Structure formats: C-alpha cells, structure tokens
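Visitor: Sequence and predicted structure below; questions after.
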Amino acid sequence: MKIIPMLLTFLLGYSIWLPAQDTDSLITLSMQEAIDRAITESSEIKLASFQMDLAQAAVKDAKHNYYPKLIANGGYIFNPDPLQVQEGDLVNLPTAPIPIIFPAIPVNFTEKNTFLAGISLIQPITPLFKVKSGVDATNAQLEIQQIALEEAKQELTLGVKKLYLGSLVKQYELEEQQWKIKAQEADLKDLENAIDAGLQLKIKKLAMEAELLNLKQEQLQTQHEMATFHSQLKNLIGIPPNKKIHLQEMTSSTSEDLKTDLNKLQEGDNLAIRKAQLTVEQADHGEAYANRDYIPELFLFGTYQYQSGFDFIPDDYKLLGLMLKWDIFTFGKRSANRQTSIIQKQMAEENLAKVIKDNQTAIQTAYLSYQHSKALEATALKAMQLREEQQSLSDNMVKAGLETEAAAMEVASEVAAAKAKYYSAQLGILLSLAELKKLTATE
C-alpha cells in the first residue's frame, strides 16, 4: 500500500491545459479542495480506517477476558434399561464437574427420564496475567493502525500536492510550446511573403518548417500525457470520467520557511519511528504472554445444578471452589512459543535501529533538497518577474508597430517557461518540506 510511487508516475506528464469546454461539466478545484476530496474518496484511507476499527474491536475482545464467564447448561437423558454401577467405579456424571468414584456400594439408576439444568460462574485468577499481556499487545496494535492511517493521509496529501503543482508546471510548458509554434508559423509566413529568391532563403525556410514540426511533436506528446494523467487524477479525487477539471492557479507562493536547523530536525521523532517502537513493545508483550504459559491456571468457580433422575444425590445443589489446571507436558510447544517470541522481539529491535538510522539519512537528504529548491525559487521568481515586465514592454512595442507579433509570441513563450520553472521550484520546496515534516516531529 503505497500511494506516492503511483503518483510519481503522474507528475512528469500531467497537464491542465484545457480547450474551450462546457462549463456545466467543468469542476474548478483549489489545492485544499483536491486534498479533501482525495481523502474522502481514497480506498487506501478507507481500508486503513477499517484496519483501525478491527484493532479497536480486538482490544475490546481482549478486555472481555478479564471478566467472569457465566455458563448455562441443560440436558435430557433417556434410560430405557436400568443402569447399575459397581462398587468403586469411576463414572463421569452429567451433573458433576469432575469424574466421581462411587462408594463401596452398588448404585442403580432406575429413572427412564432424567432432566438436567444448571448455571456456573467461572472467574480466572492466574490467567489474568496472560490477559493483561494480550490487552497490552492489542493496544499497541491499535496505536500502530492509528499511525498507519495517519501515514496514509500524509502520503495521499503529498501526492495530491505533487499533482497539483506539477499540473501547473505542465500547463505552462504546454503554453510555452503553443506560443513557440505560433511564433514559428508567423516567421514562416513572413518568410514566404519575402522575395522568393536565393538558396539561403530556401534553406532557412526548410529549417524553420522542420523546427515547427518538432515543436508540434512536443505539443502532441504533452497533450497525450495531459489526457492520460488527467484521467488518473480524476480517479484519485473521485470525479466521474465524463467531468472535466480546472485547477486554480496559485496566486502567491505556496512555499514556507523552515524554522529550525538540521541538527534539531534530526533530534525529533516521526510516525515511522513511533510505529517501530510500538512493534518492539508489542513483541515484548508477546514474550511476556509466552512466559506466562508456564504458570498453572487457577480459576474460582461457583455452580448451581438441578437434576431429576438420580436418587442418591440431591435434586439441586450448589458448589463453590477453586479449580487448578496445568498442562504438565506439551511436547515442546511452550518452549517453541517462547523462542518464537524472543526472536520476534530481536527482529523488532533491529528494525527500530534501522528505521532510526535511515531516518537520519532521509532528513539530511530532504534538508539539502529544501535548501536547493529554496535557492532555485528565488532566482525563478526574479526571472518570472523580469519576463512579465518584458512581455508588457513587448506588447506596447507591437501596438506601436515597433515589433512583430512573432517576436511578441516568442516573449510570451519565455514568460510561460519562466512560470513553469517557478512552479517547479515551488514544487521542490513543498515536497522537501512535506518530507521533513513526515520524517520529524516538527510542525
């Protein structure tokens, strides 16, 4: 169950460049709306929630073993022939909890119809130690499932953010290609209107036509990627295939500053470490449970019984006492269970050490990625602002007849390219920050 690997395949190809559409079938989404819809519709989140519900039910089931069991019994015996028990015979009567050795006198059962009924209350005493280990283990499993649910939400949220900003990047890449195609077509038209003479002009025209075809091929590839991943994104956030979506452009920076340094980040815990710690705790409870298999089971019991067919015992009677049970020989089952629990604990401890070590490396990698993306954002923002200023000047020059429309289209393509780089830098910051927040306890 990994959401991010699947979403990574979307990022490089998805675009939200859309032609004129029916507004009735167009759904406009902000980033937060897309995240909320994805969490609501995600099967992974629902499955993780069901697993948490199962863990909660397991805790309740384990706790029930603390309480006494009330058992009702009843029966009917038809005895067509008299039954005689000889002196000293060992007989297991339906009304007795243990076999009875009859006294040194013969006993006859002459009643053909015997009715039996009773109720017993049994309270475990020494088994309560095992019950506690079981309850502790199920509580640890419940917390593990709660962490798994939170991890699934983190991964899904991160995946939607990747798609959202990645889509904006692809939008401007496609816009850049379209402006370049228009500029190339305008240059070709100007060339065709020029004096049709000279080999150099023909060579230039052929080169421009070839470049135009290359640009159209790139555009077709981007449109194909757009259509494919557009369908995947709608499936992720639960929008019907026949609906179209439009993602709102980010009007301000989506990135944020990191308010702590690398050393402090590496001191924090995270969900993965906590889950590994809980696995160690769970294994520890499992070892305790296995060790308590060696303790004899002592029960307190009380019973009330009624019978109508045996004259030598009362029609009804009450018993109160203690019952001891211990498996003397289990052919190595207890020792095997204990050895298994010890190995599981050793594995859990080794896994915890590995998770902590891997976490330190991952934090350092994400921190370096954040610093790199932050530097890129600053330069990309300045470049985008300069390109937008250039476009404004270019538009004025076209109106004044001082520049061709083809040149203005080239400037427009550069503006789109600058915006794509800016959103790419923001995407890098967002991903590295999200990774750091997942790897640490820092908010």
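Guide: Structure received.
Visitor: Helix or strand: which one has the nearest residue to Gln390 once chain neighbours are set aside?
Guide: In space, and not counting its chain neighbours, Gln390 is closest to Val411: 5.7 Å by Cβ to Cβ, 6 or more residues apart in numbering. (Each C-beta comes from the backbone N, C-alpha and C, glycine too.) Assigned by DSSP states H and E, Val411 belongs to helix 405-439.
Visitor: who does that helix touch, helix- and strand-wise?
Guide: In terms of contacts (3 or more Cβ pairs under 8 Å, 6 or more residues apart in numbering; DSSP states H and E), helix 405-439 is packed against helix 127-193, helix 333-399.
Visitor: rewinding a little: how many residues are close by the residue nearest to Gln390?
Guide: Counted with other Cβ atoms under 10 Å, residues neighbouring Val411 total 22.
Visitor: Need the pLDDT of it.
Guide: We have a pLDDT of 85 for Val411.
Visitor: from memory it sits against Glu389, does it?
Guide: No - Val411 is not in contact with Glu389 according to Cβ atoms under 8 Å; the separation is 10.5 Å.
Visitor: For the stretch 1-150 of the chain, just list every one of the helices.
Guide: 4-11, 31-41, 43-63, 127-193 (DSSP state H, counting those that start in this stretch).
Visitor: What's the separation between the residue nearest to Gln390 and Leu439?
Guide: Going from Val411 to Leu439 by Cβ to Cβ, to the nearest Å gives 42 Å.
Visitor: And for Ala227?
Guide: Ala227 is 35 Å from Leu439, by Cβ to Cβ.
Visitor: Which one's more surrounded, the two?
Guide: Leu439 (26 against 12).
Visitor: Next one: the closest residue to Lys419 other than its chain neighbours relative to Gln178, how far apart?
Guide: Distances taken as Cβ to Cβ, 6+ apart place Tyr172 nearest to Lys419, at 4.4 Å, with adjacent residues excluded. Per Cβ to Cβ, Tyr172 is found 10 Å from Gln178.
Visitor: before we move on, the earlier item: any chance of the helices and strands packed on helix 405-439 in CSV, with mean pLDDT and mean neighbour count too?
Guide: Below are the helices and strands packed on helix 405-439 laid out as CSV (pLDDT from 0 to 100; neighbours: other Cβ atoms under 10 Å):
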stretch, mean pLDDT, mean neighbour count
helix 127-193, 84, 20
helix 333-399, 88, 15
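Visitor: Same list (these) but as TSV, adding distance to Leu236.
Guide: Below are these laid out as TSV (distance: least, Cβ to Cβ, whole Å):
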stretch	distance to Leu236
helix 127-193	7
helix 333-399	24
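Visitor: Pull the contacting residues for the residue lying closest to Ala186 once chain neighbours are set aside.
Guide: Of all residues not flanking Ala186 in the chain, Ala406 sits nearest, at 3.5 Å (Cβ to Cβ, 6+ apart). Applying Cβ atoms under 8 Å, 6 or more residues apart in numbering, we find Ala406 in contact with Lys182, Ala183, Ala186, Asp187, Asp190.
Visitor: Just the closest of those residues to Ala207, please.
Guide: If you rank the contacts of Ala406 by distance to Ala207 using Cβ to Cβ, Asp187 comes first, at 10.8 Å.
Visitor: ok, for that closest one, nearest residue in space, not its chain neighbours?
Guide: Ala406 (5.0 Å).
Visitor: Do you know the pLDDT at that neighbour?
Guide: At Ala406, pLDDT is 77.
Visitor: quick revisit: compare the helices and strands packed on helix 405-439 and give me the one nearest Ser424.
Guide: With Cβ to Cβ, the closest approach to Ser424 among the helices and strands packed on helix 405-439 belongs to helix 127-193: 5.2 Å.
Visitor: Show me what the very next helix or strand once past that closest one is packed against.
Guide: For helix 127-193, the succeeding helix or strand toward the C-terminus, using DSSP H and E, is helix 199-236. In terms of contacts (3+ Cβ pairs under 8 Å, 6+ apart), helix 199-236 is packed against helix 4-11, helix 127-193, strand 244-247.
Visitor: okay, these in CSV with distance to Asn79 next?
Guide: Shown next, in CSV, are those (distance: least, Cβ to Cβ, whole Å):
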stretch, distance to Asn79
helix 4-11, 71
helix 127-193, 38
strand 244-247, 80
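Visitor: Nearest to Phe115, out of the ones you listed?
Guide: Closest among the helices and strands packed on helix 199-236, using Cβ to Cβ: helix 127-193, at 33.2 Å.
Visitor: and the closest one, what does it pack onto?
Guide: helix 4-11, helix 31-41, helix 43-63, helix 199-236, strand 244-247, helix 271-291, strand 297-307, helix 405-439.
Visitor: Check which residues of the fifth one are buried.
Guide: What that stands for is strand 244-247. Lys244, Ile245, Leu247 (16 or more other Cβ atoms under 10 Å).
Visitor: Ok, stretch 297-312 next?
Guide: Neighbour-count burial for stretch 297-312 [16+ other Cβ under 10 Å]: Glu297, Leu298, Phe299, Phe301, Thr303, Gln305, Gln307, Gly309, Phe310.
Visitor: Make a markdown table out of these and add distance to Leu212 and pLDDT.
Guide: Formatted as a markdown table, the buried residues of stretch 297-312 follow (distance: Cβ to Cβ, whole Å; pLDDT from 0 to 100):
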| residue | distance to Leu212 | pLDDT |
| --- | --- | --- |
| Glu297 | 86 | 90 |
| Leu298 | 91 | 93 |
| Phe299 | 89 | 93 |
| Phe301 | 93 | 92 |
| Thr303 | 96 | 93 |
| Gln305 | 99 | 91 |
| Gln307 | 103 | 85 |
| Gly309 | 105 | 73 |
| Phe310 | 107 | 71 |
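Visitor: residue contacts, Ala348?
Guide: Residues near Ala348 by Cβ under 8 Å, 6+ apart: Ala276, Thr279, Val280, Gln282, Ala283.
Visitor: try Asn337
Guide: Neighbours of Asn337 in contact, by Cβ under 8 Å, 6+ apart: Ala290, Asp293.
Visitor: what does Tyr306 give?
Guide: Phe115, Leu116, Ala117, Gly118, Asp315, Asp316.
Visitor: ok, the second one - how many residues close by?
Guide: The reference is to Leu116. Leu116: 18 neighbours (other Cβ under 10 Å).
Visitor: Could you check how far it is from Pro80?
Guide: 18 Å.
Visitor: Closest one of the contacts of Tyr306 to Ala272?
Guide: Among the contacts of Tyr306, Gly118 lies closest to Ala272 (Cβ to Cβ), at 54.4 Å.
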